[in-house]
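> Return a 3D structure for these sequence lines:
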Amino acid sequence: MDVEGQEVIAELVLVSESGKTITVDWTAAEIPSDNATATEGEDFAASSGTLTFVPGDTMETIEVPLLDDDLLEATEYIDIQFSNLVNVTIPQFPLSVNARDIGINDDDTASVTTAKFGSASYRATEGDSPVTVRVELTVAVSQNTTVNLDVAPIGGATASDYSGVPNSVTFQGLETVKTFTVRATDDEVAESGEGIRIQLSVPPLIERVLIGSHAATTIYFAHSYVPNLCDSTHGCISAF
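Predicted coordinates for the structure are as follows:
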């Protein structure tokens, strides 16, 4: 395994000498449909070239610069793809397509941290009384850390009944608290039991962030609409 921030050197070796000049084009590539793929421009620099084996030569090297970042990541992989082979064959060519040829280890050291909500429940009143929701890390880490927020409606609530919930929150290095503000839509309909439940989850490849005991929170929507009840005897009264 190679470490991010360094340059990886891979060797391509011929099984025997040749009396002819051999050339092989190569390209460092991402691995489609693999959650462990490294990303060009983020994890490794765009790299390609042509290897030339002169007669009697049996080994040439491939060099790929690895990029350093501040993300908490599991091992990621690069695929080395070959093309335009001249005077040489590779068994079962293209052998390396979508293969995990080069592994990159995270060089960032950090304590394991736990993500949780600041409270198990909140209440937002429709209209002008939004609620501020806290997401916390128990231990500050130097790397940027992203935690996903997965929303499920309860009590018949729909997406039009609220706003302000992001898809995720990102803690910048050493931050331990992130907040977002949720507003309940004032729809002038007397309702009860509506709300949303938000669940924390960790994106793929993030191994050093755990989900705590307060992994979910519920936001209840309190209605502000008070209807008037009228009849011919008593006139109109407000219902509470």
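> where in this protein is pLDDT low?
1-6, 69-74, 91-100, 105-111, 142, 188-191, 205-208, 224-240 (pLDDT under 70).
> Which residues does the helix or strand containing Y122 contact?
Per DSSP states H and E: Y122 is located in strand 121-125. Strand 121-125 is touched from outside by 130-131, 133, 162, 182-184, 217-224, with contacts defined as CB atoms under 8 Å, 6 or more residues apart in numbering. Where C-beta positions appear, they are placed from N, C-alpha and C, glycine not excepted.
> same thing but at 10 Å, please
129-134, 162, 164, 181-186, 195-198, 216-224 (CB atoms under 10 Å, 6 or more residues apart in numbering).
> Equivalent analysis for stretch 27-35, please.
8, 10, 37-41, 43-49, 62-65, 74, 76-83, 96-102, 203-205.
> Give me the subset of those residues lying in strands.
Counting by DSSP state E, those place 8, 10, 48-49, 62-65, 76-83, 102 in strands.
> what helices or strands is the helix or strand hosting R197 leaning on?
Element membership for R197, per DSSP H and E: strand 195-201. With contacts taken as 3 or more CB pairs under 10 Å, 6 or more residues apart in numbering; DSSP states H and E, strand 195-201 sits against strand 113-117, strand 121-125, strand 131-137, strand 145-154, strand 168-171, strand 177-184, strand 209-211, strand 216-222.
> Out of those strands, which is closest to V54?
strand 145-154 (49.1 Å; CB to CB).
> got the buried residues for that closest one?
145-147, 149, 151 (16 or more other CB atoms under 10 Å).
> Identify the residue nearest the geometric centre of the protein.
With distances taken as CA atoms, centre = their mean, P203 lies nearest the centre of the chain, 4.2 Å away.
> so that residue makes contact with V169?
No. Using CB atoms under 10 Å, P203 is not in contact with V169; the gap is 11.6 Å.
> Which neighbours do these two have in common?
Common neighbours of P203 and V169 (CB under 10 Å, 6+ apart) are 145-148.
> quick one: which of those is nearest to G155?
Closest to G155, out of all of those and judged by CB to CB, is N148, at 23.3 Å.
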